[in-house]
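**Q** attaching a predicted model along with its sequence, questions to come.
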Amino acid sequence: MAIFTNAPLLAAILSFVFAQVAKVFTTWYLDRKWDLTRLVGSGGMPSSHSAFVTGLCTAVGFANGTSSVEFAVCFVFSAIVMYDASGVRQHAGKQANVLNQIISELPPEHPVSEVRPLKDALGHTPIQVFAGA
């Protein structure tokens with residue numbers, strides 16, 4: 001099947017997998033514990049979103065040249081994804097953290113007090129995005 005010989009796609013997937021595996025080791029380095037859930041989790045160091053789009057963009061640049069339309073599209077797409085990861089998604093994670101704190105302080109009889117905590121490890125710091133790239 002041709003999809004298995006698509007170099008840009010393979011580069012993007014391998015970059016993503018490498019970044020996800022690296023998260024296990026960076027978590028161990030920072031927290032001194034092995035956390036295999038980092039293999040499938042979002043957020044953290046390095047950004048697998050950045051690795052994915054950078055791998056794609058780099059492979060397209062090698063295959064089609066950096067003056068190609070395909071590279072330009074990948075470059076713009078990569079910039080948007082990395083901006084989103086360090087901006088919008090990071091702020092959504094901070095808001096989820098605040099909402100979790102508010103919910104935890106509600107009285108037990110409040111209808112929202114039993115809500116499952118929101119996921120707050122959503123976005124990335126600019127350093128995490130850069131490391132993923």
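**A** The structure has been received and is ready for your questions. Numbers count the residues shown, from 1 in each chain.
**Q** what about this structure, any weak spots by pLDDT?
**A** 120-124, 127, 130-131, 133 (pLDDT under 70).
**Q** which SS class is the residue of it positioned farthest from its centre?
**A** Computed with C-alpha atoms, centre = their mean, the residue of the chain farthest from its C-alpha average is residue 109, at 36.8 Å. Under DSSP: H, G, I helix; E, B strand; the rest coil, residue 109 falls in the coil class.
**Q** give me the phi and psi angles of it.
**A** With angles defined as degrees, to the nearest 10, residue 109 sits at phi -80, psi -10.
**Q** how about residue 111?
**A** Per-residue torsions, residue 111: phi -60, psi -20 (degrees, to the nearest 10).
**Q** from residue 92, how far off is it?
**A** 24 Å (C-beta to C-beta, to the nearest Å). The C-beta positions use only the backbone N, C-alpha and C, and glycine is treated the same way.
**Q** quick one: which of these two has more around it?
**A** residue 92 (15 against 7; other C-beta atoms under 10 Å).
**Q** chain center to the strand or helix carrying the more buried one: distance?
**A** For residue 92, the host element (DSSP states H and E) is helix 88-104. The chain centre lies 17 Å from the centre of helix 88-104; the measure is C-alpha atoms, centre = their mean, to the nearest Å.
**Q** again, but for stretch 25-32
**A** Distance, centroid of stretch 25-32 to centroid of chain: 17 Å (C-alpha atoms, centre = their mean).
**Q** that stretch: which residues count as buried?
**A** Residues 26-27 are the ones in stretch 25-32 that count as buried (16 or more other C-beta atoms under 10 Å).
**Q** run through who's touching it.
**A** Under the contact criterion C-beta atoms under 8 Å, 6 or more residues apart in numbering, stretch 25-32 has outside partners 33-35, 38, 44-46.
**Q** and the longest helix for this structure?
**A** helix 7-31 (DSSP state H).
**Q** by contact count, what packs against the helix holding residue 92?
**A** If you count contacts as 3 or more C-beta pairs under 8 Å, 6 or more residues apart in numbering; DSSP states H and E, helix 88-104 packs onto no helix or strand.
**Q** I appreciate the help and will end here.
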